[in-house]
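**Q** starting from these lines, generate the structure:
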Amino acid sequence: MSRVGIAVVGAGYWGPNLVRNFTTAEGCSVRWVCDLDRERAAQLARRFGVERATSRLEDVLEDPEVHGVAVATPVGTHSKIATAVIDAGKDVLIEKPLTDSLESGRRLVEHARSVGAVLMVDHTFCYTSSVRYIRLNPPIRASAVWWWAFGRVVASCRGSSRAGSWWSRPRERPGGGCSRRIGAWGPCWGMAPPREDTVGRFRWWPGCSAEAG
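**A** Residues are numbered from 1 along each chain as shown. Sure, this is the predicted structure:
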């Protein structure tokens, strides 16, 4: 089976988790670690046996063996990087949130759709078996316990459980906070998640799958 070539852009807070998961995922081959700090990229690459590290996004985009790019950079850079990846004819996985505004998010979605590129947001717990079980069982969603849980999610998004936090703390970190909670529990409210294969598994790109959670 041919392997899907992956590059991870961003070697800071969350990038190491992506590199670790992709290097152990069946059918994947991590070809690049990219970060503005080349030494940090090189250290992460050595840690997981990735052969190539760079501070230039162009090196990633010019590699014909890279099929998909995972972006774990500050949210303000998501739109620009993802657009460049899509323009290079590659698919992209972006850490939550997709972009820093609704308008830029819509533009990015339309751009990916217009060229047939895969554009996916990495919601950490979206495919865990417990969330899927609740989503597929309407009686649970209609119960008093569920509405109590709903209230807890809303309250935490308003900052009662982690004051001063919206997406994460500190703010330059990708993902976390409210976006993680909505990403996990949104499917239980009827929000359609990306394509899933089986309980607890999902696909980033065709031929590349891994355990979720």
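**Q** how does the chain divide up, domain by domain?
**A** Following automatic domain parsing, one gets these domains for the chain: 4-124+195-211, 129-189.
**Q** can you confirm residue 94 is in a strand?
**A** Yes. The assignment for residue 94 is a strand, going by DSSP: H, G, I helix; E, B strand; the rest coil.
**Q** contact partners for the residue lying closest to it once chain neighbours are set aside?
**A** Nearest non-adjacent residue to residue 94, counting by CB to CB, 6 or more residues apart in numbering: residue 71, 4.7 Å away. Just so you know, the C-beta spots here come from the backbone N, C-alpha and C atoms, and that holds for glycine as well. By CB atoms under 8 Å, 6 or more residues apart in numbering, residue 71 lies in contact with 9, 10, 77, 78, 81, 82, 85, 92, 93, 94, 95.
**Q** go on, residue 34?
**A** Taking CB under 8 Å, 6+ apart as the test, what residue 34 contacts is 7-11, 41, 53-57, 59-60.
**Q** ok so, going back, among the domains of the chain, which gets the worst mean confidence?
**A** Comparing mean pLDDT over the domains of the chain, the weakest stretch is domain 129-189, at a mean of 53.
**Q** just the strands in the chain please.
**A** Taking DSSP state E as the criterion, the chain contains strands spanning 4-9, 28-34, 52-54, 68-71, 91-95, 119-122, 201-205, 208-211.
**Q** looking at these, which is buried most?
**A** strand 4-9 (a mean of 27; mean count of other CB atoms under 10 Å).
**Q** now do that one against strand 28-34, angle only.
**A** Direction vectors for strand 4-9 and strand 28-34, defined by axes from the mean of the first three to the mean of the last three CA atoms, to 10 degrees, enclose an angle of 30 degrees.
**Q** measure how strand 4-9 sits relative to strand 91-95, angle-wise.
**A** Strand 4-9 runs at 40 degrees relative to strand 91-95, counting by the same axes, to 10 degrees.
**Q** kindly export strand 4-9 (C-alpha atoms) in PDB.
**A** This file holds the C-alpha atoms of strand 4-9, laid out as PDB (Å, rounded to 0.1, in the frame of the first residue of the first chain):
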ATOM      1  CA  VAL A   4       0.500   9.200   2.500                       C
ATOM      2  CA  GLY A   5       3.200  11.800   2.800                       C
ATOM      3  CA  ILE A   6       2.600  14.200   5.600                       C
ATOM      4  CA  ALA A   7       4.300  17.500   6.700                       C
ATOM      5  CA  VAL A   8       3.700  19.100  10.100                       C
ATOM      6  CA  VAL A   9       4.000  22.900  10.200                       C
END
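**Q** you'd agree residue 123 is up against residue 97?
**A** No. Taking contacts as CB atoms under 8 Å, residue 123 lies outside contact range of residue 97: 10.0 Å.
**Q** on that earlier part again, residue 109: which of the strands of the chain is closest?
**A** strand 119-122 (6.4 Å; CB to CB).
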